[in-house]
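Undergrad: Got a sequence here, can you model it:
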Amino acid sequence: ITKIITPILGALIAVGLIKGLLALLGAAGIIQNGDGAYIIINAIGDSLFYFFPVILGYTSAETFGLNKFMGMLLGCILIYPNILEALNGGEVIFSVFSGTPFTLEAHSSFLGIPILFPAMGYSSTVIPIIIITYFAAKVEKFFKKHIPDIVGFAIIPFLVLFICGSLGILLIGPITNILSNIISWSTISLYEFSPIIAAIVIAMLYQPLVI
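TA: Reported below is the predicted structural model:
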């Protein structure tokens with residue numbers, strides 16, 4: 001985790017400061033929500049967070065030994081502009097954990113397999129792309145051992161992208177999304193039960209929760 005996050009700490013601090021600057025300018029009445037200046041500064045501050053899966057795809061690939069451009073492409077798949085609307089529109093054909101905070105619904109299928117795509121998408125997420133990239137690194141190494149270099153240059157990226165992109169959307173993404181939701185739900189529920197106990201527990205677990 002340290003090797004994945006450390007290279008982008010400077011950029012994270014920069015966009016955090018920009019978001020702080022935006023809040024100060026707004027509070028001082030210098031700019032207003034909807035102004036051209038507000039829109040541009042907000043875009044500068046939000047850009048890294050929105051495209052986090054792409055950036056983490058690069059650093060994760062570097063950490064796990066995957067082709068870096070493949071890592072970035074896997075991140076791009078998760079936040080592809082039209083995929084959120086396309087996979088969350090229409091009638092629900094399948095759902096899991098219905099009636100709970102962890103509900104995931106499928107509106108489309110992939111060769112008969114329900115696509116459980118989260119309603120908020122994967123922009124700004126951390127865990128899904130790291131797990132997908134780790135899996136992709138293993139797949140790429142497997143194919144490199146069994147496919148000659150003379151054809152592997154084109155075939156291996158094709159296989160890795162198709163297999164890991166599909167499994168990332170169909171399996172790894174939904175599982176990691178549920179795990180992330182469990183952390184959020186547990187924190188909120190504990191706070192609603194007792195703010196004091198929540199403060200103690202969250203303080204003890206704060207470092208791993210930040211990761």
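Undergrad: Grab the most central residue of the protein for me.
TA: Closest to where the C-alpha atoms of the chain average out (C-alpha atoms, centre = their mean) is T125, at 2.7 Å.
Undergrad: V160 touches F135, doesn't it?
TA: No: taking C-beta atoms under 8 Å as the definition, V160 is not a contact partner of F135, at 9.8 Å. Where C-beta positions appear, they are placed from N, C-alpha and C, glycine not excepted.
Undergrad: Residue ranges in the chain under the pLDDT threshold?
TA: Along the chain, segments meeting pLDDT under 70 span 209-211.
Undergrad: Helix, strand, or coil at the residue nearest to the centre of the chain?
TA: For T125, the assignment made with DSSP: H, G, I helix; E, B strand; the rest coil gives coil.
Undergrad: Could you give me the buried positions within the lengthiest strand in the chain?
TA: Longest strand in the chain by number of residues (criterion: DSSP state E): strand 104-110. For strand 104-110, burial by neighbour count (16 or more other C-beta atoms under 10 Å) applies to 104-108.
Undergrad: Repeat that for stretch 197-211.
TA: Residues of stretch 197-211 classed as buried under the neighbour-count rule (16+ other C-beta under 10 Å) are A198.
Undergrad: which other residues reach it?
TA: The contact list for stretch 197-211, computed with C-beta atoms under 8 Å, 6 or more residues apart in numbering, reads 1, 5, 183, 187, 190-191.
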